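K.L.:
can you look at this prediction? I've put the sequence above it.
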Amino acid sequence: MLRVKPDATCRVTVTVNGAARSGRAGPRLLLCDFLRHELGLYGTRVGCEHGVCGACTVMVDGRAVRSCLTFAVQVDGAEIRTVEGLGDGGALSPLQEAFRRRHALQCGYCTAGVLISATRFLETNPRPTEAEVRDMLSGHICRCTGYHGMVRAILDVAGAEEGEEEERRR
Amino acid sequence: MKPAAFEYCRADTLDEALALLSEFGEDAAILAGGMSLGAMLNMRLVRPAAVIDINRIAGLDGAERAGAWLETGATCRQADALGSGEVAAAAPLLSLALPYVGHFQTRSRGTLGGSVAHADPSAEIPLCLATLGGEVVLASRSRRRRLPATEFFEGALTTRRAPDELITALRWPAAPAGAGCAFEEIAQRRGDFAIAAAAALAALAPDGTLRALRFGLGGVEERPLRVDTAGAIGAPADAGTAEALARAAAEAVAPIEDPRASRAYRRQLVRVLGARVLMRAFRAARAGG
Amino acid sequence: MAADRAPYVGAAFPRKEDGALLTGAARFIDDMSPLPGIRHVALLRAPHPHARIRAVETARAAAHPAVHGVLTGRQIAAAVRPIPSAVRVPIDYYPIAVDKVRYAGEPVALVAASDRYAAEDAAELIEVDYEPLPAVADLDAALAEGAAPLHEAVGSNLVHRRSFRYGDPETAFAEADHVVRLDWKFPRYASTPMETYGAIAHFERSPDRYTVWSNFQGPFILHALMCGALGTPGNRLRLITAPHSGGSFGIKQGLFPYMILLAAASRLLDAPLKWIEDRLEHLIGSSSASSRRDAIEAAFRADGTLTGLRFRNIVDVGAYIRAPEPASVYRMHSASNGCYRVPAISIDNRLVATNRVPIGLNRGYGGPQFYYALERAMDAAARALRLDPAEIRRRNFIRREEFPYRTPGGALYDSGDYAAGLDEALRLADYRALDARRARARSEGRLFGIGLAAAVEPSGSNMAYVTLAQTPEERARAGGRSGGLGSCTVSIDPSGAVTVRTVSTPAGQGHGTVAAQIVADALGLRPEDIDVITEMDTLTSAWSLASGNYANRFSSVVVGAIAESARRVADKIRLLAADTLEVAPEDVELVGGAARIVGVPEGALPFRRVAARAHWHPAGLPEGAGPGIFETTILSPPELGPPDERDRVAPAVTFGFVCDLAAIEIDPATGRIDIVKYVSVHDVGTILNASIVEGQIHGGFAHGLGGALMEEMVYDAEGNFQSGSFADYLCITAPEMPPLTVGHVTTRSPQGGLGAKGMGDGSSMLAPTAIANAAADALGREDIELPLTLDRVWGLAGARP
């Protein structure tokens, strides 16, 4: 059992984007605030703090979750992936590339969360239909794009992977 | 918009959780997926002295068949239930309803037990549990008990869980062989809490009449409604039966009214959705479940 | 520019902004910590829509160990002056409630603490003694006999009224064969950018100076108001915007009172202060578009010729007239003829105070409401006159050969071919097939409707149009007002690298990309080679009153300044290269990163080396070339003069065109609207970046559709706010978006040099109307009210018992 008094803090150690990181957190510190202000990973954005808009979505132990509805103390020992860890060094991931190509972002504030969700979504469903993509995106609010470019970008990546597989089969 | 201060207590075993609950009682909030609790904490709509995190208690997150029942643990994630073959086989109605629960990103962490404990009137999981005649398993330091879902839900966001009790599992009666299920809800947007939802399970006798029928409504009253279908047993599984049941239910309900929808509209949805869902369940049963 | 490569301008060039945004490297205001010692602010907000503040007790909050200081409205009011608007009425608007709260969510006290968590804890310890007053919840309540006035000194909730007359509307209506009248209501909604307001304010002494970092979008005319409120000269209020802004759509204009509040508080508490608005604060207390309850009458001859329009506008401005309001009521004023050749127009504007959050800029800014009147009336008229809705518009459109066209209200429409735009929309929609489909559906008893709407899209505002709220006499007393300045600086540093400063404070519109495309074409470089700074710093930027990001001003005004600065830099580079190459400057072209003799690749000079010479060897420059390369252009379109004595004014520089067509089917059992087809055709002039234009069109459509179907800031009869979270305020999400067919017609604008027009509002102005027209057509009734929620549509379909 772990008990942390209201005014106390404890050390939270996580693996973020493959690197061990640790910081201090009181019981009520939201995971999004911990990532941003304690670990300096500002790429995760905060949009509503009540779990609706999806901007703060990060991967915890491989799952896309709302970091505003998760407390930092809960994730001690967890594996976390944020938008900063999606690319490979300086290179964008295929999904990031597709977002750029398809103009899937304008202000870019919701983008980190959408990228994390879509990355995880394509792991669970590599060949989604457009309706499935839109259903997954219903967990995000974007006010700039009308979602058009995002849907296209995600389908692009799914299609591209399909193409590669076909090539391998040949 | 930050939560008020609380003590964080992470229970590693069920006994620890129950001990903490007995220590804090009404001043504790139980944290499972946190999809509702997190938002209420952030808005300071609740300000518990302690938050008891049950996510690391081993063995609470499963979904297993136990005889005529499917038992799902308190921290069984909605996403895992959605992907579970056990759930699909024993509680196909729940599998049909789960895609309507929140979103991809909330189902990944949200739990079946948490949704039942929260008892939102329009929530899908409580509706399925009540419709199917399921049970809620509760434990405290001093006792274990099982409550039928229809008794467990008292009203909007209120249940018969005592302050020192924890929901440890949900019990779902396994669907009869060949049963057909259907679920549908109407919401302004995908993933919103339903304005109204309907759930049905039907099983047919060899002559095509109804052998078993379960029919439930969510979002209409302050708790999920299980409609009495005794009169329909032996009736033909056809549109006439479906419409009569839905019409009777629409007349009998006392719908809530909120900024999203009027009483009259909810009554209308009971009629329309009810008939649609019943017919789909009948068809599914005819097709062999 | 050389012709051996297609120009970057016009291409769907991928955005320069995206790399940083996609990797999390981009910095927004909440990521910034520009100086040490920052304290975090929480605001205590009023739970009542209307109440007198008897006392505010702050001792317990101040005693909280993490608290740096607590301030009440009275303390702030003692340090700042009220913020004026163009309407001359005795309303004292402070950025915080002083003696009275006038909307639920109005700030009443401020706490600064070591972190936001503690600040919120302490805010809960403040005790406010309220005397609740009857709330004026909506327009009807505000104008009712005996209604309590929000502002006692005004004496009534009618805070402004002006009537206007252009041409001879009385005769037009007297001689009309048909008069169509439509009474209409329009709800409040808002574009709720994903990033909320944020500001960091710092007051320092010797000399006394305020610096405010924020995601404010402008207009920077509000800098003057902020200086007035703080009692400081302009050079002592430095505003700096964050490198990125997470959307705005006009809403972030409403940040400025908070900037005053934080600046004053920083002075009083002697610490730099940071405040990040949270989502609940944003929904209840930022701003919204106006709700209105108006009437329109349209006079027609028997052949469908529109001869007169009469507007009676009643506008709910909320608790205060917050500058630049009442601009939303006057933005479309001089274009009240819409796309039509109507010679006679009368307009009566009434502004009404209610216990609601003050209105402000929101995408379309007055356009959605204006077109809801005019374009719903056009469809209603078509039905009344038994004309096709497309045909009645075609008959009245301003014709291609009539441009530039001076409207009765004084607007100068630059260019257009409205009939071609309409025809393209009908073609893309396959209008005949839709018509047949409607006939078939109706024969089967189904509810199928088609709605049209057409709009001009004014862009690049004249800062003076808001003074239409004043009488010509008041305007004369206040002195002349006109113009809409745009500015840009293009410079080359001693390494030969190019930097562009646009001062255009974008919030996702890709200004940096478009600026780089323009400058790359002018200098024979690649957009990747050019860095663009879009932020404002009022102490170091070349800026003026109109600077900022609103009214589609980037592509209508700012690009002209960019092109001009780039041209001057190119001229200078050519002059320097010509000197080395020993030819005339006209014989030099800039291409592929080099300056060369036109058409002669041999002997080309690297661009960087030519440019660097202006820094490294000023004594060796040819005649006519000064040292350094730093070209600033400030321009104000000459058309934007002051309003004349008959209240005519050119309100904007370019006038794009939009034509939307919606076909819907309604499920009478559930009220669900299925959008079968939605077509949107745009004339944006020359397209500067095809993918950015496409993105803006889709985004504008989403906002319009949200307003049409589900988005509303709901207040109950007691003035309590009902849409206070994202579970209650229903932003449109991906599954609700139907396929959108986009089309273009292009008439080059003679303004600004590049031929582009502003285009950001787009279908945000028309989708509410096109959908409502389709619903009216499907349901056979004109009393359509937005948003068309499930329950409401079911009721309109006649199913309600």
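P.N.:
Received it, and whenever you're ready, just let me know what you need.
K.L.:
ok, the helix or strand C:Asp777 falls within near chain A or not?
P.N.:
Taking DSSP states H and E as the definition, C:Asp777 sits inside helix C:767-779. No. On the criterion Cβ under 8 Å from any Cβ of the partner chain, helix C:767-779 is out of touch with chain A, staying 10.6 Å away. From N, CA and C alone the C-beta is placed, and that goes for glycine too.
K.L.:
do stretch C:720-737 as well
P.N.:
Yes. With Cβ under 8 Å from any Cβ as the criterion, chain A is reached by stretch C:720-737 at C:Ser725, C:Phe726, C:Ala727, C:Cys731, C:Thr733, C:Ala734, C:Pro735, C:Met737.
K.L.:
could you list the low-confidence segments of the stretch 101-250 of chain C?
P.N.:
Across the stretch 101-250 of chain C, no stretch falls below the confidence threshold (pLDDT under 70).
K.L.:
quick check: residues of it near chain B?
P.N.:
Counting by Cβ under 8 Å from any Cβ, the residues of the stretch 101-250 of chain C near chain B are C:Arg116, C:Tyr117, C:Glu120, C:Asp121, C:Glu124.
K.L.:
for chain A, tell me which of the residues you listed show up nearby.
P.N.:
C:Tyr117.
K.L.:
narrow the residues of the stretch 101-250 of chain C next to chain B to just the buried residues.
P.N.:
The neighbour count (16 or more other Cβ atoms under 10 Å in any protein chain shown) marks C:Arg116, C:Tyr117, C:Glu120, C:Asp121, C:Glu124 as buried among these.
K.L.:
just the residues of stretch C:720-737 next to chain A now: which is nearest chain B?
P.N.:
The nearest member of the residues of stretch C:720-737 next to chain A to chain B, counting by Cβ to the nearest Cβ, is C:Pro735 at 4.0 Å.
K.L.:
from C:Phe249, how far off is the residue nearest to the closest one when sequence neighbours are not counted?
P.N.:
When the adjacent residues along the chain are set aside, C:Pro735 lies closest to B:Arg190, with 4.0 Å between them (Cβ to Cβ, 6 or more residues apart in numbering or on different chains). According to Cβ to Cβ, to the nearest Å, B:Arg190 and C:Phe249 sit 23 Å apart.
K.L.:
between those two, which is the more surrounded one?
P.N.:
C:Phe249 (29 against 18; other Cβ atoms under 10 Å in any protein chain shown).
K.L.:
what helix or strand does that one sit in?
P.N.:
Using DSSP H and E, C:Phe249 sits in no helix or strand.
K.L.:
is it true that C:Ala563 touches C:Leu523?
P.N.:
No. The criterion here is Cβ atoms under 8 Å, and C:Ala563 misses it with C:Leu523 at 11.6 Å.
K.L.:
which residues touch residue 73?
P.N.:
Looking at chain A here, since you left the chain open. Applying Cβ atoms under 8 Å, 6 or more residues apart in numbering or on different chains, we find A:Val73 in contact with A:Leu2, A:Val4, A:Cys10, A:Val12, A:Ala25, A:Gly26, A:Pro27, A:Leu29, B:Tyr8, B:Arg10, B:Asp53.
K.L.:
not what I meant, chain B
P.N.:
B:Gly59, B:Leu60, B:Asp61, B:Gly62, B:Ala63, B:Gly113, B:Thr168, B:Ala169 are the contacts of B:Gly73 under Cβ under 8 Å, 6+ apart.
K.L.:
tell me the bridge partners for the closest residue to chain B within the stretch 301-450 of chain C.
P.N.:
At 15.1 Å from chain B, C:Leu447 is the closest residue in the stretch 301-450 of chain C, using Cβ to the nearest Cβ. Judged by DSSP bridges, the bridge partners of C:Leu447 are C:Ile666.
K.L.:
how near is it to C:Gly483?
P.N.:
50 Å.
K.L.:
got it, and C:Val693?
P.N.:
27 Å.
K.L.:
which of those two has more neighbours?
P.N.:
C:Val693 (25 against 20).
K.L.:
just give me the neighbour total for B:Ala123.
P.N.:
25.
K.L.:
how about C:Asn720?
P.N.:
By other Cβ under 10 Å, the burial measure for C:Asn720, its neighbour count, is 17.
K.L.:
any idea how far it lies from chain B?
P.N.:
11 Å (Cβ to the nearest Cβ, to the nearest Å).
K.L.:
which residue is nearest the middle of chain A?
P.N.:
A:Ile116 (2.7 Å; Cα atoms, centre = their mean).
K.L.:
so whichever helix or strand that one is part of, near chain B or not?
P.N.:
Here A:Ile116, judged by DSSP H and E, is contained in helix A:111-124. Yes. Helix A:111-124 lies within reach of chain B by Cβ under 8 Å from any Cβ, at A:Ser117, A:Arg120, A:Phe121.
K.L.:
okay, buried residues for the helix or strand just after that helix please.
P.N.:
Using DSSP H and E, the helix or strand that directly follows helix A:111-124 along the chain is helix A:130-137. Using 16+ other Cβ under 10 Å as the test for burial, helix A:130-137 gives A:Glu132, A:Val133, A:Arg134, A:Asp135, A:Met136, A:Leu137.
K.L.:
stretch B:276-283 too?
P.N.:
The neighbour-count check on stretch B:276-283 (16+ other Cβ under 10 Å) flags B:Arg276, B:Val277, B:Leu278, B:Met279, B:Arg280, B:Ala281, B:Phe282 as buried.
K.L.:
please name the nearest non-neighbouring residue to the residue of chain A found nearest chain C.
P.N.:
Going by Cβ to the nearest Cβ, chain C is nearest to A:Gly43 of chain A, at 1.9 Å. For A:Gly43, ignoring the flanking residues on the chain, the nearest one in space by Cβ to Cβ, 6+ apart is C:Gly24 at 1.9 Å.
K.L.:
ok, now A:Ala64?
P.N.:
Distances taken as Cβ to Cβ, 6+ apart put A:Arg120 closest to A:Ala64, at 4.1 Å, once the chain neighbours are dropped.
K.L.:
per-residue pLDDT of the one you found, please?
P.N.:
As predicted, A:Arg120 sits at a pLDDT of 98.
K.L.:
hmm, A:Val60 and it touching each other?
P.N.:
No. The criterion here is Cβ under 8 Å, and A:Arg120 misses it with A:Val60 at 10.4 Å.
K.L.:
quick one, phi psi at C:Tyr166?
P.N.:
Reported as degrees, to the nearest 10, the phi and psi values for C:Tyr166 are phi -130, psi 130.
K.L.:
measure the residue nearest to the centre of chain A to A:Thr82 for me?
P.N.:
7 Å.
K.L.:
ditto for C:Ser504
P.N.:
C:Ser504 is 30 Å from A:Thr82, by Cβ to Cβ.
K.L.:
ok, back up a step: buried ones in the helix holding C:Asp777?
P.N.:
C:767-779.
K.L.:
export the residues you listed to a markdown table and tack on distance to C:Ile687 and pLDDT?
P.N.:
Below are the buried residues of helix C:767-779 laid out as a markdown table (distance: Cβ to Cβ, whole Å; pLDDT from 0 to 100):
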| residue | distance to C:Ile687 | pLDDT |
| --- | --- | --- |
| C:Ala767 | 21 | 98 |
| C:Pro768 | 26 | 98 |
| C:Thr769 | 25 | 98 |
| C:Ala770 | 23 | 98 |
| C:Ile771 | 27 | 98 |
| C:Ala772 | 30 | 98 |
| C:Asn773 | 28 | 98 |
| C:Ala774 | 28 | 98 |
| C:Ala775 | 32 | 98 |
| C:Ala776 | 33 | 98 |
| C:Asp777 | 32 | 98 |
| C:Ala778 | 34 | 98 |
| C:Leu779 | 38 | 97 |
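K.L.:
list just the nearest of these to chain A.
P.N.:
Using Cβ to the nearest Cβ, the buried residues of helix C:767-779 come closest to chain A at C:Ala767, 10.6 Å.
K.L.:
check contacts around the closest one.
P.N.:
So C:Ala767 contacts C:Asp660, C:Ala662, C:Tyr678, C:Phe701, C:His703, C:Gly704, C:Leu705, C:Gly707, C:Ala708 (Cβ under 8 Å, 6+ apart).
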